[in-house]
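Visitor: Provided below are the primary sequence and the corresponding predicted coordinates.
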Amino acid sequence: MKLIHGGVTAAQGFFAAHTAAGIKYNDRIDMAMLYSEVPCRAAGTFTTNVVKAAPVLWDRKIVEESGAAQAVVVNAGIANACTGEEGFDYCRRTAAAVSEYMEIPPERVLVASTGVIGMQLPIDRICAGVEAMIPVLSGSVEAGTRAAQAIRTTDTHEKEVAVQFEAGGRTVTLGGMCKGSGMIHPNMCTMLAFLTTDMAISGELLQEALREDIRDTYNMISVDGDTSTNDTVLLLANGLAGNAEITEKNADYEQFCRALNYVNTELAKMIAGDGEGATALFEAKVLHARSKEQARILSKSVICSSLTKAMIFGHDANFGRVLCALGYSGADFDPDQVELFFESEAGRIPIFAEGKALDYSEEQATRILSEPVVTVIADMHMGDASATAWGCDLSYDYVKINADYRS
């Protein structure tokens, strides 16, 4: 597997476009479209929030009933959530607009929205945006990058990644883009992710691979503990790589799963590191836990703690906050067996062991915690399981951003 330049247009047969539709923003592009020249197998995972946005309901119906799609339309600025039957009808009208201009059945068009909850979409601008994007669909790397820029809300930069690997003697490409900066605490399976591949693979295995992978990628990140109404991950496979279709869990399937995990992990970390107001990506690694599930619970508890997040922002080696977060996680362990370390590009330092603080340099600890990527390592000394979670620090700007989000 090798990392390549690009995102959703890296795989064969995928095209993207963007436009400034004026949905909420007056000074930036705010709408994107993805298109495959042939129909795709489609997989998806969606928010577990009881309050689900109209696009989530629309996409889930398509994924569950047919598992096939050929286009995706995404808008930023307005989430189309808590909008009733009118909001769902706007999904239908968006798909109908694509169908009118491209002769794709409307039930093969997926839609996604992100932004303010409770506002109705300006559907005339949405449909005009569709009409504007179709003539300029392009398979270029730049087209994919601009699509990634168009779906941002409070994100500070676009998020995309792509890889290539061999399967059945053919070169297969997998790329993706995502958005997410606030209201991030996925339980899927506001963040959106769109993945495209030219691999030939059965719909059942495509869905299983995605469903299993999000447990250790998107579901292991948190910015603020808020699970969005719009969380969606969509994975499209058009088969144009020409490999023999994967219909069983063989070596090619395992290679695909490794590539999918890499892409999803990198995108998930980009979301966590770009949390609203964040100055650092905050990583928690739990080692030697009793079970995988226990390791997930412990690591997620550390990065979700407001006190540990504030500790990272202040570059303060207040390890008691880490132990506290481990202790209320719900996982059972012996505190006297736990070892804690702080690590970054500035070095690694042991902080706690055998039930007490170690003799460490506060100055060195501060240097380590001042880097843009900071890792807390908790060795539980209980078993062989491990897990990693990703979050960010909690800065003054998080409150400022969310205090005037609707304005």
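Guide: Here it is on my side, so go on.
Visitor: wasn't Arg367 part of a strand?
Guide: No. With DSSP: H, G, I helix; E, B strand; the rest coil as the criterion, Arg367 is assigned helix and is not in a strand.
Visitor: and the nearest residue to it once chain neighbours are set aside, how many neighbours?
Guide: Using Cβ to Cβ, 6 or more residues apart in numbering and skipping residues adjacent in sequence, the residue nearest Arg367 is Ala346, 4.6 Å away. (Each C-beta comes from the backbone N, C-alpha and C, glycine too.) The local packing of Ala346 (other Cβ atoms under 10 Å) involves 16 other residues.
Visitor: and if you look at Pro135?
Guide: There are 8 residues near Pro135, going by other Cβ under 10 Å.
Visitor: that one and Ile126, how far apart?
Guide: Using Cβ to Cβ, to the nearest Å, we find Pro135 at a distance of 17 Å from Ile126.
Visitor: please apply the same query to Leu234.
Guide: The gap separating Leu234 from Ile126 is 18 Å, by Cβ to Cβ.
Visitor: same check on Gln12?
Guide: As judged by Cβ to Cβ, Gln12 and Ile126 stand 29 Å apart.
Visitor: more crowded one of these two?
Guide: The residue with more neighbours, out of Gln12 and Ile126, is Ile126; 24 against 20, by other Cβ under 10 Å.
Visitor: for the more buried one, which non-adjacent residue is closest in space?
Guide: Thr94 (5.6 Å).
Visitor: list the buried residues for the helix or strand that that neighbour is a member of?
Guide: Element membership of Thr94, judged by DSSP states H and E, is helix 84-102. For helix 84-102, the neighbour count (16 or more other Cβ atoms under 10 Å) marks 87-88, 90-91, 93-95, 97-99, 102 as buried.
Visitor: in space, not sequence, find me the middle residue of this structure.
Guide: Central residue of the chain (Cα atoms, centre = their mean): Ala268, 4.4 Å from the mean position.
Visitor: shouldn't it be within a helix?
Guide: Yes. Assessed by three-state DSSP, Ala268 belongs to a helix.
Visitor: surely it and Ile221 touch.
Guide: Yes. When contacts are counted by Cβ atoms under 8 Å, Ala268 is listed as touching Ile221 (4.9 Å).
Visitor: what touches both of the two?
Guide: By the contact definition Cβ atoms under 8 Å, 6 or more residues apart in numbering, Ala268 and Ile221 are jointly contacted by Trp390.
Visitor: contact partners for Asp216?
Guide: 261, 265, 296, 387-388.
Visitor: would you list these in TSV and tack on pLDDT and secondary structure?
Guide: As requested, the contacts of Asp216 are exported to TSV (pLDDT from 0 to 100; DSSP: H, G, I helix; E, B strand; the rest coil):
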residue	pLDDT	secondary structure
Asn261	98	helix
Thr265	98	helix
Arg296	97	helix
Ala387	98	strand
Thr388	98	strand
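Visitor: my guess is Thr47 meets Asp231, correct?
Guide: Yes. The pair Thr47 / Asp231 is scored as a contact, 3.7 Å apart, by Cβ under 8 Å.
Visitor: higher neighbour count, these two?
Guide: Higher neighbour count among Thr47 and Asp231: Asp231, with 30 against 24, using other Cβ under 10 Å.
Visitor: that one and Lys52 touch, don't they?
Guide: No. The pair formed by Asp231 and Lys52 falls short of the contact definition of Cβ under 8 Å, at 9.3 Å.
Visitor: and whatever helix or strand comes next after the helix holding Thr94 with helix 84-102, angle?
Guide: For helix 84-102, the following helix or strand on the C-terminal side (DSSP H and E) is strand 109-116. With axes from the mean of the first three to the mean of the last three Cα atoms, to 10 degrees as the basis, strand 109-116 and helix 84-102 are set at 130 degrees to each other.
Visitor: pLDDT of strand 109-116, averaged?
Guide: The average pLDDT within strand 109-116 is 96.
Visitor: so what's the gap between that strand and the chain middle?
Guide: Strand 109-116 sits 15 Å away from the centroid of its parent chain (Cα atoms, centre = their mean, to the nearest Å).
Visitor: list the neighbouring strands of that strand plus their orientation.
Guide: Counting by DSSP bridges, the strands paired with strand 109-116 are strand 68-78 (parallel).
Visitor: doesn't Leu235 belong to a strand?
Guide: Yes. Counting by three-state DSSP, Leu235 falls inside a strand.
Visitor: was I right to think it contacts Leu206?
Guide: Yes. Assessed by Cβ under 8 Å, Leu235 is found in contact with Leu206 at 6.2 Å.
Visitor: mind listing the shared neighbours of these two?
Guide: Common neighbours of Leu235 and Leu206 (Cβ under 8 Å, 6+ apart) are 42-43.
Visitor: more neighbours: which of these two?
Guide: The residue with more neighbours, out of Leu235 and Leu206, is Leu235; 27 against 24, by other Cβ under 10 Å.
Visitor: identify the bridge partners of that one.
Guide: With DSSP bridges as the criterion, Leu235 is bridged to Ala43, Leu195.
Visitor: what's the span of stretch 371-389 from first residue to last?
Guide: Taking Cα to Cα, to the nearest Å, the first and last residues of stretch 371-389 lie 18 Å apart.
Visitor: please read the previous query as pertaining to stretch 327-340.
Guide: Between the opening and closing residues of stretch 327-340 there is a gap of 13 Å (Cα to Cα).
Visitor: can you start the count at 27 instead of 1 from here on
Guide: Noted, 27 is the first residue going forward, which turns the last one into stretch 353-366.
Visitor: buried residues in that stretch?
Guide: For stretch 353-366, the neighbour count (16+ other Cβ under 10 Å) marks 355, 357, 359, 364-366 as buried.
Visitor: pLDDT (mean, whole number) over it?
Guide: Average pLDDT, stretch 353-366: 97.
Visitor: repeat that for stretch 168-178.
Guide: Across stretch 168-178, the average pLDDT comes to 98.
Visitor: residues near the residue nearest to Ala122 when sequence neighbours are not counted, how many?
Guide: Nearest residue to Ala122, sequence neighbours excluded (Cβ to Cβ, 6+ apart): Pro132, at 5.1 Å. By other Cβ under 10 Å, 17 other residues sit near Pro132.
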